[in-house]
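> please find the sequence and the predicted model below.
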There are 2 protein chains.
Amino acid sequence: MANWSRARLPRPEAPRMRPRVVPTELTRIDFTEIVPEPVAFLGQAAYIQLEFFESLAKAVATAPDLAAKEGLSAAAGVALRKHHDLIAELRRLGAEPAEVMAPFAPATDRFRQATSGADWYELLLGIHITSGMLDDYFGQLSEGLPAELGARVRGILQERGASEVIERELSEAIATQPGLDDRLALWGRSLVGDTLLIARSALRAAEANGALGTDVEPVFTELIAAHTRRMDALGLTA
Amino acid sequence: MANWSRARLPRPEAPRMRPRVVPTELTRIDFTEIVPEPVAFLGQAAYIQLEFFESLAKAVATAPDLAAKEGLSAAAGVALRKHHDLIAELRRLGAEPAEVMAPFAPATDRFRQATSGADWYELLLGIHITSGMLDDYFGQLSEGLPAELGARVRGILQERGASEVIERELSEAIATQPGLDDRLALWGRSLVGDTLLIARSALRAAEANGALGTDVEPVFTELIAAHTRRMDALGLTA
């Protein structure tokens, strides 16, 4: 049971909208118009990577054979590296990582619980779907950060870690275990809602300003389209 | 529940004694006289690091605050790097890591279970004591490997990962929680036997040759002396 007493709990700062001079009809959101507060952005992104690491470590510990253990442990290393690289960016900004991450911990912990599934295969699909969507999403959001920081963040997030080993393990299992495809298709659909809630939380305050209401829709449409491609690649109905 | 069906199970090869021309009275073992079979040595050492990684990942997931999570996740990264670097040495020798590690998995898994303790503090002390002893031990054993390989292995194993953060967390807890020192002192003593059994297993076949019976004693004396220093540093009676 987590006790956050040592870390103080500052409120995460809200992403701000860059003033738009000319209102336009957008069918596709321009992410450079959303200006995330860098410290809060990095704190949430770093904590999410720590959660992916914990899920992958659980997948390593419960893997059915050593080949899977090997591939997943490498993927866990990638998530951990992303976490530490984002932490390093926080320190560069003079922020104390534990303090910055603390406000994001409860919702992210719940998210991990909700997406970890009932067995090893559901755990793997949970990692694949949620990390696929959120790495894309935070990469896109980083376009609104100061240019150099944003480029470094995209460099950190774009490293592919878990997808290859998870696609291999799940495809093999789906091919040999009757009924697994239907169960995983259902599970994959149920993951989307939880993931979009985390994605929205990064924009919540900007929405409260009434600024993002309609513009944000295409982002989520795009995230869901990428999700569908990910499910298709596994032969699962999204 | 692990199912090792995908990895075949070769017998680990036994360490061999280099022929000794002049028998001498040794009070201190010369590790260069023990010639570990490189592939089996690397397989056992790599699998043990994977177990340390899993224990550290569990310690991250159950850490009571974010500062501890941070330090332990960095230590988990170090154990994982040691694991992958040893795996890379196996591949360099043309060996398939999963196959080489498989024979060591059951005993090492039991070892991890036996040393993971009843709560977070016992888990931390278990990692500290067992990784301290076994990193030292495998570093010493590596003196009998071919010179360049041995030097690389010592370079891999000598990176200090968990000890600093664990000493800090345990010292703080011992200072503030009455009775924790007695409980951890008892737990620390009980860890030694299990750890020496793993250490001995790396020498078992050489001993079966009757060659190591007396010479090996000083190694274990040395390991226990280092263990006592580690316990002393925490203010615990070894």
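Nice, I can see it. Numbers count the residues shown, from 1 in each chain, chains lettered A, B, ... in the order given.
> residue contacts, A:Lys69?
Contacts for A:Lys69 were tallied using Cβ atoms under 8 Å, 6 or more residues apart in numbering or on different chains; they are A:60, A:63, B:50, B:98. C-beta: built from backbone N, CA, C; applies to glycine.
> make it 6 Å
Contacts for A:Lys69 were tallied using Cβ atoms under 6 Å, 6 or more residues apart in numbering or on different chains; they are A:60, A:63.
> go on, the one 10 residues further on?
A:Ala79 is in contact with A:49, A:52-53, A:56, A:161, counting by Cβ under 6 Å, 6+ apart.
> three-state assignment of it?
State at A:Ala79, reduced to three classes by DSSP: H, G, I helix; E, B strand; the rest coil: helix.
> and the gap between it and B:Asp136?
The gap separating A:Ala79 from B:Asp136 is 30 Å, by Cβ to Cβ, to the nearest Å.
> let me know whether A:Pro36 touches A:Pro146 as I believe.
No - with the criterion set as Cβ atoms under 6 Å, A:Pro36 and A:Pro146 do not qualify as a contacting pair; they are 10.3 Å apart.
> neighbour count for these two, which is higher?
Neighbours around A:Pro36 and A:Pro146, counted as other Cβ atoms under 10 Å in any protein chain shown, are more numerous at A:Pro36. The numbers are 26 against 11.
> what are the phi and psi angles of the more buried one?
Comment: the main-chain dihedrals of A:Pro36 come out as phi -70, psi 150, following degrees, to the nearest 10.
> quick check: which element contains the residue of chain A found nearest chain B?
With Cβ to the nearest Cβ, the shortest gap between chain A and chain B falls at A:Ala57, namely 3.3 Å. With elements taken from DSSP states H and E, the one containing A:Ala57 is helix A:38-61.
> give me the number of residues near A:Ala233?
By the other Cβ under 10 Å criterion, the neighbourhood of A:Ala233 contains 13 residues.
> cool, and A:Asp85?
Applying other Cβ under 10 Å, we find 18 residues neighbouring A:Asp85.
> residues touching it, list them.
A:Ile156.
> low-scoring stretches of chain A, by residue?
Applying pLDDT under 70 to chain A flags residues A:1-34, A:204-216.
> what about the strands in it?
A:16-17, A:34-35 (DSSP state E).
> what residues does A:Val153 make contact with?
Counted by Cβ under 6 Å, 6+ apart, A:Val153 has contacts A:Ser142.
> again with A:Glu222
When the contact criterion is Cβ under 6 Å, 6+ apart, A:Glu222 has no partners at all.
> quick check: closest non-adjacent residue to A:Thr228.
Nearest-residue entry for A:Thr228: A:Ala238, 4.1 Å, with adjacent residues in sequence omitted and distances by Cβ to Cβ, 6 or more residues apart in numbering or on different chains.
> what ranges do the helices span in chain A?
Per DSSP state H, chain A has helices spanning A:38-61, A:66-92, A:97-101, A:105-114, A:120-141, A:147-157, A:163-176, A:180-201, A:204-208, A:217-233. These are given in chain order.
> okay, buried residues for stretch A:227-238 please.
By neighbour count, and taking 16 or more other Cβ atoms under 10 Å in any protein chain shown as the criterion, the buried residues in stretch A:227-238 are A:227, A:230-231, A:234, A:236, A:238.
> over to stretch A:73-89?
A:73-87, A:89.
> how many residues are close by A:Ala199?
A count of nearby residues for A:Ala199, using other Cβ under 10 Å, gives 20.
> distance of the nearest residue to it once chain neighbours are set aside relative to B:Glu70?
If you skip the residues right next to it in sequence, A:Ala199 has A:Tyr137 as its closest partner in space, 5.0 Å away by Cβ to Cβ, 6+ apart. The gap separating A:Tyr137 from B:Glu70 is 24 Å, by Cβ to Cβ.
> one more: A:Ser190?
From A:Ser190 over to B:Glu70 (counting by Cβ to Cβ), the distance is 32 Å.
> also A:Arg152?
Computed with Cβ to Cβ, the distance linking A:Arg152 and B:Glu70 is 20 Å.
> these two: which is more packed in?
It is B:Glu70, of A:Arg152 and B:Glu70, that has more neighbours when counted by other Cβ under 10 Å, with 22 against 18.
> could you measure from that one over to B:Ala59?
B:Glu70 is 12 Å from B:Ala59, by Cβ to Cβ.
> equivalent analysis for A:Pro38, please.
When Cβ to Cβ is applied, the distance between A:Pro38 and B:Ala59 equals 30 Å.
> who has more neighbours, the two?
In this view A:Pro38 and B:Ala59 are compared by other Cβ under 10 Å, and B:Ala59 has more residues nearby, 26 against 20.
> what is the neighbour count of the residue lying closest to the more buried one once chain neighbours are set aside?
Nearest-residue entry for B:Ala59: B:Leu72, 5.0 Å, with adjacent residues in sequence omitted and distances by Cβ to Cβ, 6+ apart. The tally of other residues near B:Leu72 (other Cβ under 10 Å) stands at 26.
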